[in-house]
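Peer 1: I'd like to go over a predicted model; first the sequence, then the structure.
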Amino acid sequence: MTSDIANPNSIDLEIVETLDEDNRLTRDYVDRVLDAVDEGDLDEVYRLVEPLHEADIADLLELTPSERRGLLAISLGDLMSAEVLAEVNDYVREDIIDALPASQVAGLAGQLDTDDAVAIIEDMEEEDQQAILAELDPEDRAVIEDALSYPDESAGRIMQRELVAVPEHMTVGQLIDYLRDHQELTTEFWEVFVVDPQHKPVGTCKLSWIMRSQRKVPVSEIMKHEQTLIPVDMDQEEVALRFQKYALISAAVVDGAGRLVGVITADDIVHIIQEEADEDILRLSGAGEGDINEPISDSYKARVRWLIANLGTAMVASFIIAQFGAAIETMVALAVLMPIVASIGGNAGTQTLAVTVRALATNQLTQSNTMRSIWREIRVALLIGATIAVIAGLGAGLIFENWRLASVIAVAILCNISLAGLSGVAIPVLLDRLDQDPAVSSSIFVTMITDSMGFLIFLGLAVFSGLAG
């Protein structure tokens, strides 16, 4: 996030020092603002906060303890703008909305584009939603209620209704006059959509094409006929992939009948790409939403269930070790080396798993190249396994002066890393084919396989080779 301070040298030094060298709010500055709030000195609060960009004000609210955010939001007065409300974290927004009157929240939501207004209202409790909607203008309320009728995280939820659409029989001159004469049209857009009499998009015109064409030229001659249309019920992750694949700035959203109902722009997609990437990373670790503002109870519930599942898989590995208790007693070196086999396999599996989940999320891994991708990861695993096996085998042989033991651990590591490569790609692909999110539970299965099979292969080879009885 960046500051909106155009010329720091022209502003009071105390204000300039609100941001550190990394462009983050300093602790001293946050304390000064909160002290002014506690003292009821609203003039001082305004003086300290007014020079900040809306994104920095959002940061200030996020850095404020939960129990004090509401009072700070009230103290900000007109600095508590719609843009600030749209920028803050979801959990922080809840604290602010709870503190502000419903009429003020409705007023802020009414100033936003429909996609931002929907993002604010959709996460509210039903009672709070109705209170805010009741305060909105009838037109804004109808638009937001329509957006809320679409599935969560769909194109219909994130699209803007504010767009410019014109018939193809217009000339460039008529289009320019239309844009100038109709003040109610949106003021922020990159292209004009051209529609047929049924309001179905037939092409688009970039503003640069319009401004560089003669007034008498028909719009149909300069418009681009090929366009990427987004179905209103498409998942937002798939929408983001289309923007990335086709380098889109904006795209028309159409309903089931093919009629133009909205537009999605690149600035909306940037947030979605970040959200989806963060979501996949956190799901791989089982950390829930991973937000530091998330309530403790929610974090506990999200994390503990996966650790309980991990406890179950660890018990499977322990059971396997117990079956080789006699062998371990006859040779302590087995107990020393067992964790190496399991941990190396687990790390190799995690690497492959991360690559595979990302490939699935970005549509790089599809049904047409699944077998090729699996064979590729197996070959990578074999190369890595051979390298680590040689190093580990030489190390064990030199330390324990037992080259049979060195051979056992080398073979065990090679087999476990190869198995880790196979499971790291096969499990998420299988879950994806079963319409399950591969980022959610793949890591548990991969860990169970690499730990359990690592112990089984190593100890089994030790017994089979006569190294331990």
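Peer 2: Here it is on my side, so go on. Numbering: from 1, shown residues only.
Peer 1: and the strands in the stretch 251-400 of the chain?
Peer 2: Secondary structure of the stretch 251-400 of the chain (DSSP state E, counting those that start in this stretch): strands at 260-265.
Peer 1: what are the ranges of the helices in it?
Peer 2: 266-285, 296-323, 325-330, 332-361, 370-400 (DSSP state H, counting those that start in this stretch).
Peer 1: mean pLDDT and mean neighbour count for those - can I get that in a markdown table?
Peer 2: To be clear about C-beta, it is placed using only N, CA and C from the backbone, and glycine gets the same treatment. Output for the helices of the stretch 251-400 of the chain, formatted as a markdown table (pLDDT from 0 to 100; neighbours: other Cβ atoms under 10 Å):
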| stretch | mean pLDDT | mean neighbour count |
| --- | --- | --- |
| helix 266-285 | 72 | 16 |
| helix 296-323 | 78 | 13 |
| helix 325-330 | 80 | 13 |
| helix 332-361 | 87 | 20 |
| helix 370-400 | 92 | 16 |
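Peer 1: export the ones you listed to a markdown table and tack on distance to residue 19?
Peer 2: Below are these laid out as a markdown table (distance: least, Cβ to Cβ, whole Å):
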| stretch | distance to residue 19 |
| --- | --- |
| helix 266-285 | 22 |
| helix 296-323 | 30 |
| helix 325-330 | 59 |
| helix 332-361 | 34 |
| helix 370-400 | 45 |
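Peer 1: which one of these lies nearest to residue 463?
Peer 2: helix 325-330 (5.2 Å; Cβ to Cβ).
Peer 1: that closest one packs against which elements?
Peer 2: helix 332-361, helix 438-464 (3 or more Cβ pairs under 8 Å, 6 or more residues apart in numbering; DSSP states H and E).
Peer 1: possible to save these as JSON lines with distance to residue 222?
Peer 2: Below are the helices and strands packed on helix 325-330 laid out as JSON lines (distance: least, Cβ to Cβ, whole Å):
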{"stretch": "helix 332-361", "distance to residue 222": "37"}
{"stretch": "helix 438-464", "distance to residue 222": "44"}
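Peer 1: residue 35: which of these is closest?
Peer 2: helix 438-464 (43.4 Å).
Peer 1: any idea how far stretch 338-349 is from the middle of the chain?
Peer 2: With Cα atoms, centre = their mean, to the nearest Å as the basis, stretch 338-349 stands 29 Å off its chain's centre.
Peer 1: before we move on, what about stretch 362-379?
Peer 2: 24 Å.
Peer 1: what's next to it, contact-wise?
Peer 2: 241, 244-245, 352, 355-356, 358-359, 418, 421-422, 424-426, 429 (Cβ atoms under 8 Å, 6 or more residues apart in numbering).
Peer 1: ranges for the strands of the stretch 101-250 of the chain?
Peer 2: Under DSSP E, counting those that start in this stretch, the stretch 101-250 of the chain gives strands at 165-167, 191-195, 201-206, 229-231, 250-254.
Peer 1: for stretch 210-226, measure first residue to last.
Peer 2: 17 Å (Cα to Cα, to the nearest Å).
Peer 1: picking that back up, ok, which of the helices and strands packed on helix 325-330 comes nearest residue 86?
Peer 2: For the helices and strands packed on helix 325-330, proximity to residue 86 was assessed by Cβ to Cβ; helix 332-361 is nearest, at 25.9 Å.
Peer 1: what angle do helix 438-464 and that closest one make with each other?
Peer 2: Interaxial angle of helix 332-361 relative to helix 438-464 (axes from the mean of the first three to the mean of the last three Cα atoms, to 10 degrees): 150 degrees.
Peer 1: tell me how far residue 77 lies from residue 109.
Peer 2: 18 Å (Cβ to Cβ, to the nearest Å).
Peer 1: more neighbours, these two?
Peer 2: Remark: of residue 77 and residue 109, residue 109 carries more neighbours, 26 against 13, as counted by other Cβ atoms under 10 Å.
Peer 1: please name the nearest non-neighbouring residue to that one.
Peer 2: Leaving aside its sequence neighbours, residue 109 sits nearest to residue 117 (Cβ to Cβ, 6 or more residues apart in numbering; 4.4 Å).
Peer 1: low-confidence stretches in the protein?
Peer 2: Low-confidence segments of the chain (pLDDT under 70): 1-16, 276-293, 302, 440-441, 468-469.
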